[in-house]
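Participant: Coordinates only, no sequence provided:
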């Protein structure tokens, strides 16, 4: 079931809210059970065949978590239970997500004959698998205080995050479900959540989806694109991805807020970043946090322990040596981003995407560590320097996004070749608006104006959490927008604006599509 669908907006969501708060008048456990059942219905709506996979994953992880909790006084056994549980999760993920691609690779290279048939990918398997691995680690570290099967079910299946995140930490969410006031309807939170939801729906239906019209045909015909068409496709996809994921993140946060729950922030204007390090602190923030805590930090600490045992330094001076930088920065960064690429998909293009960002991050760290420090250097960059950094970062991210979207590495290379003019100039309107239905001079001008308008929003407008900063829309700290008149208020002008946005977005739902991150 899509957030941007009539059945969700006018039936499922209001029914789930009424049932949850009605049950909360009698019992917290009953309300929790109602919300779990609602989440199962939400998940099953897409394809009921995948519900047993979700239930099996939840049952396995709950039993393993109980084993880990009960062996706290036997650390060696507890450790191996955690390893076995993580291996089981990764094994299930590998079977559904990667086995078919691996078999196809071996068959195409003459190393394997026959096939295994198409393996259907359960919706949201990457997200609910990583959520549960994080829970297992929290249990081992003694950070999961709110336990019990119903509570675990509620944590994993709470439908606003079930399909595409954010990836939640148990210690952030379950204390909220432990509070009695969570189960009492709050008109204020419903209004706040609805406002955030509508902002997200506007981004998805009115900004992301119309921008996608040239993306699929463009990537399908990447080898033929002249320069203007190639740039049109690449820029359009980067904007589609931006507003699609930003819209989804807003809608998820808004829905959770209607249930009196605050999610962690997951999207914070990443195209405004002046470095790739900053970009990954703004883009899919819950995934970045997860990768940092469960991959980068353990790898980095293991390297530092080995260096300490060998009598090598681990201080700031050691980072400035080639060996120290390679071991403590380059290795954990490249390993983490390689795995991040694989997490997104089984194709070689996803590995290239991950390694590209690993290289970007390594260069960014090297610049910070090795560049000569100038005395009296200004604390902040001048405006031209800052703009150049933002554009450089965006250009690097754009190249990565091409591999992220392309059906193959060859397709990505064809598009990049077109962008540097290797497929010809193509200065006419049809080239500019490649394969779009109104490939005319007027259509080309409208396309240019549309892309320019979207960049004005990306780089000039405040984001949702800045607009809503006075009501703490998510977990985290927020800065107010420079345009203070854009701050949300519970007043008539904002009510009219949200109403108009909701109507306009709902009128476009018929032309809307599923969220891009649903495929992961």
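Facilitator: That came through, no problem. Note that the structure is predicted; figures quoted are calculated from it, not measured.
Participant: sec struct for residue 89, please.
Facilitator: Classification of residue 89 using DSSP: H, G, I helix; E, B strand; the rest coil returns helix.
Participant: And residue 425, by the same measure?
Facilitator: Once three-state DSSP is applied, residue 425 turns out coil.
Participant: Would you check how far apart the nearest residue to residue 466 once chain neighbours are set aside and residue 366 are?
Facilitator: Nearest residue to residue 466 in three dimensions, chain neighbours excluded: residue 481, at 4.3 Å (Cβ to Cβ, 6 or more residues apart in numbering). Any C-beta I mention is one placed from the backbone N, CA and C, and that applies to glycine too. Counting by Cβ to Cβ, to the nearest Å, the gap from residue 481 to residue 366 is 34 Å.
Participant: do residue 295 as well
Facilitator: Distance of residue 295 to residue 366, given as Cβ to Cβ: 20 Å.
Participant: Check residue 41 too.
Facilitator: Per Cβ to Cβ, residue 41 is found 50 Å from residue 366.
Participant: Domains in the protein, by residue range?
Facilitator: Per automatic domain parsing, the domain ranges recorded for the chain read 6-184, 192-370+395-519.
Participant: Ramachandran angles for residue 275?
Facilitator: Backbone torsions of residue 275, given as degrees, to the nearest 10, read phi -160, psi 160.
Participant: thinking it is in contact with residue 394, fair?
Facilitator: No. The pair residue 275 / residue 394 is not scored as a contact, 11.1 Å apart, by Cβ atoms under 8 Å.
Participant: and the helix or strand hosting residue 495, what does it pack onto?
Facilitator: Taking DSSP states H and E as the criterion, residue 495 maps to helix 492-507. For helix 492-507, the elements it packs on are helix 187-202, judged by 3 or more Cβ pairs under 8 Å, 6 or more residues apart in numbering; DSSP states H and E.
Participant: The helix it packs on versus helix 492-507: what angle between them?
Facilitator: Counting by axes from the mean of the first three to the mean of the last three Cα atoms, to 10 degrees, helix 187-202 lies at 50 degrees to helix 492-507.
Participant: now helix 187-202: how far from the chain's centre is it?
Facilitator: Put simply, helix 187-202 sits 20 Å off its chain's centre (Cα atoms, centre = their mean, to the nearest Å).
Participant: In that helix, which residues are buried?
Facilitator: Of all the residues in helix 187-202, those buried under the rule 16 or more other Cβ atoms under 10 Å are 189-202.
Participant: what's the following helix or strand after that helix?
Facilitator: The helix or strand immediately downstream of helix 187-202 is helix 209-211, counting by DSSP H and E.
Participant: Now do the buried residues in that following helix.
Facilitator: Buried, per 16+ other Cβ under 10 Å, within helix 209-211: 209, 210, 211.
Participant: how about the residues you listed in a markdown table, adding distance to residue 250 and pLDDT?
Facilitator: Output for those, formatted as a markdown table (distance: Cβ to Cβ, whole Å; pLDDT from 0 to 100):
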| residue | distance to residue 250 | pLDDT |
| --- | --- | --- |
| 209 | 15 | 93 |
| 210 | 18 | 91 |
| 211 | 17 | 91 |
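Participant: So for this protein, the centremost residue is which one?
Facilitator: Nearest to the geometric centre of the chain sits residue 284, at 3.7 Å (Cα atoms, centre = their mean).
Participant: got the contact list for that one?
Facilitator: 165, 245, 266, 267 (Cβ atoms under 8 Å, 6 or more residues apart in numbering).
Participant: Could I get the average pLDDT for the one helix or strand the second one maps to?
Facilitator: Taking DSSP H and E as the criterion, the element that holds residue 245 is helix 227-258. Averaged across helix 227-258, the pLDDT comes to 95.
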